[in-house]
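Peer 1: Could you work out the structure for the sequence below:
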Amino acid sequence: MSSKGADWVSLIEASYNLEGSDSTWLKRVLDRASPLLGRGNEPVGWTFNCTPTSFSLGSFSEGTSKALVYAARMSHALSTEKSLDLTYRTGVVIATASELVFPRLPDMHKMFMKLLRGRVQDLLVINCQSGEGSGVSVGMLLKETSRATEEERRRWPRIAAHVGAAIRLRTKAAALSVDSPEVEAVLDSGGRLHDARGPAKDNDARENLRETVRRIERSRTLDGRSEVDEALGNWEGLVSGRWSMLDRFDSDGRRFVVAVKNDPTHPDPRGLTIRERQVAEYVGLGYASKEIAYTLGLSDSAITNCTARAQDKLGMASRAELVAFFAPSGLRRKLAETSVAGEQLLIGNYPLVNTRHIANLSETEREVAALMIAGSTNADIANRRGTSEHTVANQVQSIFRKLGVRSRSELVVRLQAAGNGLMFQSMSSTY
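Peer 2: All right, here's what the predicted structure looks like:
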């Protein structure tokens, strides 16, 4: 495969070339990614959708051999839920099967060797998550067992942030024009601002966009491309947690850079702000704060503050509790969001709650406990019940005391223990 133009910045550029089908787009990305990996056999890329309870493969990269597509589809069809968890639901961006999956699931190693008749020994996978349940994976068969290098672990999460942003952009690409509502600023390649709308009209935002374009353009020079880590640092996954930067050409062939609103969509009626919810989702996926900061184009301190506020609002004592709550297998991900009469609600299918666990709770406390498990903050509960936060705080402490728990996560474990009983009142419908 030709390595022409195969540098890390060109891989970002290929990701933001949104034209064509998924298969065509994936082929362009693979053409740039494969030489950077510098090992293995024929690479393959595929799209996927992954929820806490389901997984499905989408399109494969154009030109992939039928044998490789068959092997990929069969290996996923035969994968256990634990294998899918390890591969797609842990926040790991790059790893080999021999370091991530096979040591924990020896049967999967046997299946892998049997499926490929022992012709290869390992599989390298790079996962790029959109932050909204969809994603792209790049896989490469390896003749020998291997491990991802420190350089790869440092650089590929940054590439994954751009591919994830491009996945979100592709859903709106067909209708995207300079006049689209999502396009909130237009700049030339020198950083001069030609138009700004909405939040982009703010003076600080305007200056940030101008400086961002200048940094990106430096990264795209010949010298800039050679300084890989600096170039990747200059071109963040988003600008100010809101904008992706895309090239656009006018009828005269002049290149402009447009700022497109492209932050992950996570409506949350439970009391967290959109930004707090976005951060919490990535925390649940296992991303470190620095990785979240790069992905969302925010400062490390902003991520730390969002995490702390989310913990405080949800009454959680540590980041570990927040991770457990928002993890793909955690309670929050098991609740579906829907809209009824203009209001966002959470619905879920809960196991039975043993009646003896809630026998000492008053009717009010049962209702408050149901809202707590759904992820509501004290402020949100107070608003829904027409009472004060102080009253709700007292009710929460009374629930904890009666049930012998110290946190919301312990409350979930206690109330969702297996056993025959009755559904928590109103827990089988909406919150």
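
Peer 1: hey, what's Val260 bridged with?
Peer 2: Note on Val260: beta-bridge partners by DSSP bridges are Val183, Ser244.

Peer 1: how close does it get to Val183?
Peer 2: 6 Å (CB to CB, to the nearest Å). Glycine gets a C-beta too; all of them are placed from N, C-alpha and C.

Peer 1: can you list residues touching both of those two?
Peer 2: Leu176 (CB atoms under 8 Å, 6 or more residues apart in numbering).

Peer 1: Pick out whichever of those two has more residues nearby.
Peer 2: Per other CB atoms under 10 Å, whichever of Val260 and Val183 has more neighbours is Val260, with 24 against 21.

Peer 1: Contacts only, for the more buried one.
Peer 2: Contacts of Val260 (CB under 8 Å, 6+ apart): Leu169, Leu176, Ser180, Glu182, Val183, Glu184, Trp243, Ser244, Met245, Leu246.

Peer 1: Which entries within the residues you listed meet the buried criterion?
Peer 2: Buried by 16 or more other CB atoms under 10 Å: Leu169, Leu176, Glu182, Val183, Glu184, Trp243, Ser244, Met245, Leu246, out of those.

Peer 1: Alpha carbons of the helix or strand that contains the first one, as CSV, please.
Peer 2: Mapping Leu169 onto the secondary structure by DSSP states H and E places it in helix 150-170. Backbone C-alpha positions of helix 150-170 (Å, rounded to 0.1, in the frame of the first residue of the first chain) are rendered in CSV as follows:
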residue,chain,number,x,y,z
GLU,A,150,3.8,3.7,24.4
GLU,A,151,4.0,5.9,21.3
GLU,A,152,0.8,4.3,19.9
ARG,A,153,-1.0,4.6,23.3
ARG,A,154,-0.1,8.3,23.3
ARG,A,155,-1.0,9.2,19.7
TRP,A,156,-4.0,7.0,18.8
PRO,A,157,-6.4,8.3,21.4
ARG,A,158,-5.9,11.7,19.9
ILE,A,159,-6.6,10.4,16.4
ALA,A,160,-9.7,8.5,17.8
ALA,A,161,-11.0,11.8,19.1
HIS,A,162,-11.0,13.2,15.5
VAL,A,163,-12.5,10.1,14.0
GLY,A,164,-15.2,10.1,16.6
ALA,A,165,-16.0,13.8,15.8
ALA,A,166,-16.1,12.9,12.1
ILE,A,167,-18.6,10.1,12.8
ARG,A,168,-20.9,12.7,14.4
LEU,A,169,-20.3,15.1,11.5
ARG,A,170,-21.2,12.4,8.9
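
Peer 1: Tell me which helix or strand comes right after the host helix or strand of Arg73.
Peer 2: Using DSSP H and E, Arg73 falls within helix 66-77. Downstream of helix 66-77, the next assigned helix or strand under DSSP H and E is helix 81-88.

Peer 1: Partner strands of the next helix or strand after that following helix and their direction?
Peer 2: Using DSSP H and E, the helix or strand that follows helix 81-88 in sequence is strand 94-96. Partners of strand 94-96 in the sheet, by DSSP bridges, are strand 122-129 (antiparallel).

Peer 1: can you give me the mean pLDDT across the stretch of helix or strand Val283 belongs to?
Peer 2: Using DSSP H and E, Val283 sits within helix 274-284. Helix 274-284 carries an average pLDDT of 89.

Peer 1: Which of the residues in it are classified as buried?
Peer 2: Within helix 274-284, judged by 16+ other CB under 10 Å, the buried ones are Arg275, Glu276, Arg277, Gln278, Val279, Ala280, Glu281, Tyr282, Val283, Gly284.

Peer 1: so how far is that helix off the chain centroid?
Peer 2: 9 Å (CA atoms, centre = their mean, to the nearest Å).

Peer 1: the strands in the stretch 101-250 of the chain, which residues?
Peer 2: Along the stretch 101-250 of the chain, counting by DSSP state E, counting those that start in this stretch, strands occupy 122-129, 134-142, 183-188, 193-196, 243-249.

Peer 1: of all these, which lies closest to Gly63?
Peer 2: Checking the strands of the stretch 101-250 of the chain against Gly63 by CB to CB gives strand 134-142 as the closest, at 14.3 Å.

Peer 1: Sheet partners, orientation included, of the closest one?
Peer 2: strand 43-50 (antiparallel), strand 122-129 (antiparallel).

Peer 1: Out of these, which one sits most buried?
Peer 2: Highest mean neighbour count among those (mean count of other CB atoms under 10 Å): strand 122-129, with a mean of 24.

Peer 1: quick one, it and helix 150-170 angle?
Peer 2: Angle, strand 122-129 to helix 150-170, by axes from the mean of the first three to the mean of the last three CA atoms, to 10 degrees: 40 degrees.

Peer 1: Alpha carbons only: can I get strand 122-129 in CSV?
Peer 2: Provided in CSV are the C-alpha atoms of strand 122-129 (Å, rounded to 0.1, in the frame of the first residue of the first chain):
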residue,chain,number,x,y,z
ASP,A,122,-2.9,-11.9,17.2
LEU,A,123,-5.2,-9.0,16.3
LEU,A,124,-4.5,-5.3,16.8
VAL,A,125,-7.7,-3.2,17.2
ILE,A,126,-8.1,0.6,17.4
ASN,A,127,-11.5,1.8,18.6
CYS,A,128,-12.8,5.3,17.8
GLN,A,129,-16.0,6.2,19.8
